[in-house]
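Chemist: predicted structure and sequence below. I'll ask about it afterward.
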Amino acid sequence: MTDASGPGQLDYAQAVHLLAQLVPAGAVLSYGDVAELLGSGGPRQVGKAMATAEDGTPWWRVLRADGNIAEPLLLRAREHWEKEKLARPGKRVDIKNLRWNPTPKQWEAIDILRLSLGNPKMSELDDEL
DNA sequence: CTTTTGACAGCGT
DNA sequence: CACGCTGCCAAAA
């Protein structure tokens, strides 16, 4: 694919996957956080996107705001959580303390993602005016 | 066009 | 701390 240096028009789902891949081991984000970082959509949209994540995407680092995750995934997620010291066996993730805190450098990357996503369409703005 | 459905969030009980 | 209800957003039926 001709992805490359230039922010082509990025699909929402792709943006979500890419952002998820930026999250370092030992840190987590909630679905709502992802939506906010991307500046578009909502938690449910993110969830939908994550459902189509391919291998290589650390889906266990994106969870619900309460520090848990949808039941079908819980078992597998817990193994990763233990391995990354995100939660003690059988417990949920303390998202309050383990929430990803991006460095300025990482914020840059996030910004790029947001920009390549929301190709400024004035239509909405127009609507409000 | 209305209704249903999701890997959700927040608040009240 | 566990449950249940309501609110949200976009896509699919």
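Modeler: Ah, there it is.

Chemist: hey, let's count contacts and neighbours off CA atoms from now on
Modeler: Fine.

Chemist: can you tell me what sits against stretch A:91-100?
Modeler: A:23-24, A:26-30, A:65-68, A:81, A:86-87 (CA atoms under 8 Å, 6 or more residues apart in numbering).

Chemist: swap in 6 Å and give it another go.
Modeler: If you take CA atoms under 6 Å, 6 or more residues apart in numbering as the criterion, stretch A:91-100 is touched by A:27-29, A:67-68, A:86-87.

Chemist: out of those residues, which is most surrounded?
Modeler: A:Val28 (28 neighbours; other CA atoms under 10 Å).

Chemist: how about it: what's its closest non-neighbour residue?
Modeler: A:Arg61 (4.6 Å; CA to CA, 6 or more residues apart in numbering).

Chemist: give the phi and psi angles for the one you found, as a check.
Modeler: phi -100, psi 0 (degrees, to the nearest 10).

Chemist: measure it to DNA strand B for me?
Modeler: Taking CA to the nearest atom of the strand, to the nearest Å as the measure, A:Arg61 falls 8 Å from DNA strand B.

Chemist: give me the pLDDT for that residue.
Modeler: Per-residue confidence (pLDDT) for A:Arg61: 97.

Chemist: quick check, it in contact with A:Gly26.
Modeler: No. A:Arg61 is not in contact with A:Gly26 according to CA atoms under 6 Å; the separation is 8.3 Å.

Chemist: which bits of chain A sit near DNA strand C?
Modeler: A:40-42, A:44-45 (CA under 7 Å from any atom of the strand).

Chemist: ok so, going back, the residue nearest to A:Val28: neighbouring residues, count only.
Modeler: Neighbours around A:Arg61, by other CA under 10 Å: 27.
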